[in-house]
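**Q** pasting a predicted model and its sequence here:
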Amino acid sequence: MIRRLFSSRRRSALAAFAVGGALFFASSCSNSATSPDDPLVVDATDLVVGTGTEAAAGFTVTVDYTGWLYDENAPDHKGTEFGSSTNDGGPAVFPLGYGYVIQGWDIGIVGMRVGGTRRLEIPPELAYGQQGSPPDIPPNSRLVFEVTLDKVQ
């Protein structure tokens, strides 16, 4: 299932979205009011639908992940790998919806269930933006992640 996870068009409203836990979900369709090139949309594809506890803002989640630079010509848009929980010291553990991770994760992980794996395509505005994250992530990079939700507490 492919979902488009929408965010507000204003930065200040975006922060309130994540902190308040009020995130909106909409199915991808041709009559969507948001263009496919909208910079504040996270494209999410469930690769495996989990059956455990559902992730929601305010809960602490544990996720395994791999991240790639977006490459429109690569299979599944996975360009150069820049990080993974396997190589970066283990799973990421963080409270969801409070800005401890990039906004694309705060938006894209909500609604997953434990045991699920989701591919997220995240625009620069919801990732590392104009500054990037040198040396691995250049400025204004669109990112692709595959995240597996291991735990919700």
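**A** Looks like it arrived, so ask away. Residues are numbered from 1 along each chain as shown.

**Q** so where's the chain shaky on pLDDT?
**A** Counting by pLDDT under 70, the low-confidence segments of the chain come to 1-39.

**Q** which parts of stretch 55-71 are buried?
**A** For stretch 55-71, the neighbour count (16 or more other C-beta atoms under 10 Å) marks 55-57, 59, 61-70 as buried. For every residue, glycine as well, the C-beta is placed using N, CA and C.

**Q** now, those that are in strands?
**A** 61, 62, 63, 64, 65, 66, 67, 68, 69, 70 (DSSP state E).

**Q** burial of residue 129, as a residue count?
**A** Applying other C-beta atoms under 10 Å, we find 15 residues neighbouring residue 129.

**Q** next: the one 5 residues further on.
**A** Residue neighbour count, defined by other C-beta under 10 Å, stands at 9 for residue 134.

**Q** for residue 143, list the residues it contacts.
**A** 67, 68, 69, 70, 104, 120, 121, 122, 124, 127, 128, 137 (C-beta atoms under 8 Å, 6 or more residues apart in numbering).

**Q** can you map out the strands along the protein?
**A** Under DSSP E, the chain gives strands at 2-6, 24-27, 41-48, 60-70, 78-84, 92-95, 117-122, 143-152.

**Q** any chance of JSON lines for those strands, columns distance to residue 133?
**A** JSON lines is the format used below for these (distance: least, C-beta to C-beta, whole Å):
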{"stretch": "strand 2-6", "distance to residue 133": "22"}
{"stretch": "strand 24-27", "distance to residue 133": "27"}
{"stretch": "strand 41-48", "distance to residue 133": "18"}
{"stretch": "strand 60-70", "distance to residue 133": "10"}
{"stretch": "strand 78-84", "distance to residue 133": "8"}
{"stretch": "strand 92-95", "distance to residue 133": "14"}
{"stretch": "strand 117-122", "distance to residue 133": "13"}
{"stretch": "strand 143-152", "distance to residue 133": "10"}
